[in-house]
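# Show me the folded form of this:
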Amino acid sequence: MSGGKQDFIENDDYETLCQNNGIDNEQLQDTLLTILNQIGTIVTYKDNDRLSVMQIINPLWVTNGVYKIIRSPLVTSSALLTQAQFKQIFSGDSKYKTRHYNWLKDLLNQFELSFSIDDASILIPSKLNPNQPDFALADFQTGLNFRYRYHNLLKKSVISQFIVKMKDYIAKQGDKYWQRGVFLHHGDCQAVVISDEEKKTIVIAINNTGRAAKELLTIIRHTLRVVNGENLICDEQVPLLLDTQVVGYEDYDHLVECEAQGDEHIRLKIATGKQKSHRFAIKDLLDGYRIKDDTRFDYDKLTKDLIAISQIETESGHAISGETEDLTNDRYRNALLYKEYNVADQSRGGKSKSGNRAGERDFVVRNSQTGVAESVIEAFILKGLNTTVINGHYNKLVDSYDTTGNRRNFILVYVKTTTNKFAELWQQYQKHFVTHFDGFDDTSDKNSGKEKVKTGITTNGNKEVFHIFVHFAG
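The predicted structure is shown next:
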């Protein structure tokens, strides 16, 4: 597998090459792939089901391909890139074949440089028209307003990534986006988010103050925090309103601190008319912008409910033992919906490494108040200590599926084996995580109280993965 003139190796060819060299075990092939990636021999995206169809030997093949797309004059101010345009961009370049176009599109989406409009087209926010469309900002400022003020450089990539992450909330009609802004909708409200690199601000304006507006503002703030990460320093600011007009902004955290110290009013500078300052009621400034306690997600409740559902489902163990994984997932999803969780099963259009079933996340549980994804539940069937299956699902959950930094995610293991093997497999499962990952804390006695449901926790940084080991015996 020395580089030579080869830019990549298809996954099927890689597996054949391994087998020809005596590496028949899938887990060993996967381990070798990880080692080759770590030492820089190849670049692999083995935890992404779409990108893992081939391994990159020459990274320049990827870099040059991405630059050809991003810099192509064929991508006009509409920022749309179609299959036909892909063919034009790579016309005459023998290194890129038609079958590689979808792989490159998936790569752009993976790194949030684009998002899919349909099966054949993607949109690249950085290539959008730089000119702001003609609209009245005052029409949006009649409701909730908010601003981010950056201490240092405000990069163009912030708003581009924000547009990608907020794709499900983008306005369906009329103007939708431009290079430095986007129109959003949620329920009965419309919003506009505008980035200004010169002023180092991002302005948010929503046209009403109802529940949907508060939900949308919370989602926007959460998304910007994720995009900003820990290294970007910026202030969250609430508007100063006089006669329904925005006359300035004040730091949100400063107002919260003043209120905590018992202050009811604050005098602040304003930028309007002859009046240079005004006395504002702190409560009035903060109301509508607080992230209230009832929007906080209750991870303990979800944990207890998943354990309770598992205990109930084991009573139908004989029937479930012969079910497909998707059917068992449907049981859990319906039970969670019955308990009034905002839970969605993900698209089953992706393929797993084996190609036998869908490769997307099984469930995402969202905050019912904000719509923000709070926890991912990954489920799989286990009939013996198949470490390839275990590692694959765990690594995907930790490295790929949690895109919002959830405090706790879950693994549901549907154990379909004989009764006398269940306890032994549970011990082997724990030992595997103690040996190969960051340890394992067995919480079975504390949480389940039944022999057919075992539980434990692994910790990765400040995030937890809660394991629920469920016995479905025939």
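# And the residue sitting furthest away from the middle of the chain, how close does it get to Ile163?
In the chain, the greatest distance from the average C-alpha position (Cα atoms, centre = their mean) is reached by Lys274, at 47.9 Å. Counting by Cβ to Cβ, to the nearest Å, the gap from Lys274 to Ile163 is 40 Å. All C-beta atoms are positioned from the backbone trio N, CA, C, and that covers glycine.
# cool, and Asp196?
In terms of Cβ to Cβ, Asp196 sits 15 Å off from Ile163.
# more neighbours, the two?
Between Asp196 and Ile163, counting by other Cβ atoms under 10 Å, Ile163 is the more crowded of the two (30 against 14).
# Can you tell me the closest non-neighbouring residue to that one?
Pro125 (4.4 Å; Cβ to Cβ, 6 or more residues apart in numbering).
# list the contacts for the one you found?
Ala79, Ser114, Ile159, Ser160, Ile163, Val164, Tyr177, Gln179 (Cβ atoms under 8 Å, 6 or more residues apart in numbering).
# quick one: the last one and Asn129 touch, right?
By that I understand Gln179. Yes - between Gln179 and Asn129 a contact is recorded at 6.3 Å, counting by Cβ atoms under 8 Å.
# helix or strand for the residue farthest from the centre of the chain, which one?
Using DSSP states H and E, Lys274 falls within no helix or strand.
# What's the first helix or strand after the helix or strand where Asp300 lies?
Assigned by DSSP H and E, Asp300 falls within helix 299-313. Next in sequence after helix 299-313, counting helices and strands by DSSP H and E, comes helix 317-320.
# Return the alpha-carbon coordinates of the following helix or strand past that next one using PDB.
Note on helix 317-320: by DSSP H and E, the next helix or strand toward the C-terminus is helix 325-338. Extracted as PDB, the C-alpha positions of helix 325-338 are listed here (Å, rounded to 0.1, in the frame of the first residue of the first chain):
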ATOM      1  CA  GLU A 325     -33.000  -4.400  14.800                       C
ATOM      2  CA  ASP A 326     -35.300  -1.800  13.100                       C
ATOM      3  CA  LEU A 327     -38.400  -3.500  14.600                       C
ATOM      4  CA  THR A 328     -37.000  -3.500  18.100                       C
ATOM      5  CA  ASN A 329     -36.000   0.200  17.600                       C
ATOM      6  CA  ASP A 330     -39.600   0.900  16.700                       C
ATOM      7  CA  ARG A 331     -40.700  -0.500  20.000                       C
ATOM      8  CA  TYR A 332     -38.500   1.800  21.900                       C
ATOM      9  CA  ARG A 333     -39.300   4.800  19.800                       C
ATOM     10  CA  ASN A 334     -43.100   4.300  20.300                       C
ATOM     11  CA  ALA A 335     -42.600   3.900  24.000                       C
ATOM     12  CA  LEU A 336     -40.600   7.100  24.200                       C
ATOM     13  CA  LEU A 337     -43.300   8.900  22.100                       C
ATOM     14  CA  TYR A 338     -45.900   7.600  24.500                       C
END
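# looking at this, Phe410 is in a strand?
Yes - Phe410 forms part of a strand when assessed by DSSP: H, G, I helix; E, B strand; the rest coil.
# Would you mind confirming that it is in contact with Val470?
No - in this structure Phe410 lies outside contact range of Val470 using Cβ under 8 Å: 11.7 Å.
# So for these two, which sits in the more crowded spot?
Taking neighbours as other Cβ under 10 Å, Phe410 and Val470 compare with Val470 leading, 28 against 23.
# Tell me the strands beside the host helix or strand of that one, with direction?
Assigning secondary structure by DSSP H and E places Val470 in strand 463-471. Strand 463-471 has these partner strands in its sheet, going by DSSP bridges: strand 408-415 (parallel), strand 453-460 (antiparallel).
# Out of those, which one sits most buried?
Of those, the one with the most neighbours on average (mean count of other Cβ atoms under 10 Å) is strand 408-415, at a mean of 22.
# Report the mean confidence score over that one.
Average pLDDT, strand 408-415: 94.
# Could you give the average pLDDT over the helix or strand just after it?
Using DSSP H and E, the helix or strand that follows strand 408-415 in sequence is helix 419-436. Per-residue pLDDT over helix 419-436 has a mean of 90.
# And helix 419-436, what's buried?
Phe422, Leu425, Trp426, Tyr429, Gln430, His432, Phe433 (16 or more other Cβ atoms under 10 Å).
# Paired strands for the following helix or strand past that helix, with orientation please.
Using DSSP H and E, the helix or strand that follows helix 419-436 in sequence is strand 441-442. Strands adjacent to strand 441-442 in the sheet, as given by DSSP bridges, are strand 453-460 (antiparallel).
# and the partner strand, how far from the chain's centre?
Remark: strand 453-460 is offset 22 Å from the chain centroid, using Cα atoms, centre = their mean, to the nearest Å.
# Could you number the chain from 29 rather than 1 from now on?
Okay, using 29 as the starting number, the last item reads as strand 481-488.
# mind saving the C-alpha coords of it as PDB?
The C-alpha coordinates for strand 481-488 follow below in PDB (Å, rounded to 0.1, in the frame of the first residue of the first chain):
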ATOM      1  CA  VAL A 481     -31.400  -5.400  32.300                       C
ATOM      2  CA  LYS A 482     -27.800  -4.400  33.100                       C
ATOM      3  CA  THR A 483     -26.500  -0.800  33.000                       C
ATOM      4  CA  GLY A 484     -23.100   1.000  33.100                       C
ATOM      5  CA  ILE A 485     -21.400   4.300  32.200                       C
ATOM      6  CA  THR A 486     -18.300   5.200  30.200                       C
ATOM      7  CA  THR A 487     -16.900   8.700  30.300                       C
ATOM      8  CA  ASN A 488     -15.300  10.600  27.500                       C
END
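# count of neighbours near Ala372?
For Ala372, the number of neighbouring residues by other Cβ under 10 Å comes to 14.
# wait, I meant Leu45
13.
# That one and Trp454: what is the separation?
From Leu45 to Trp454 the distance is 37 Å (Cβ to Cβ).
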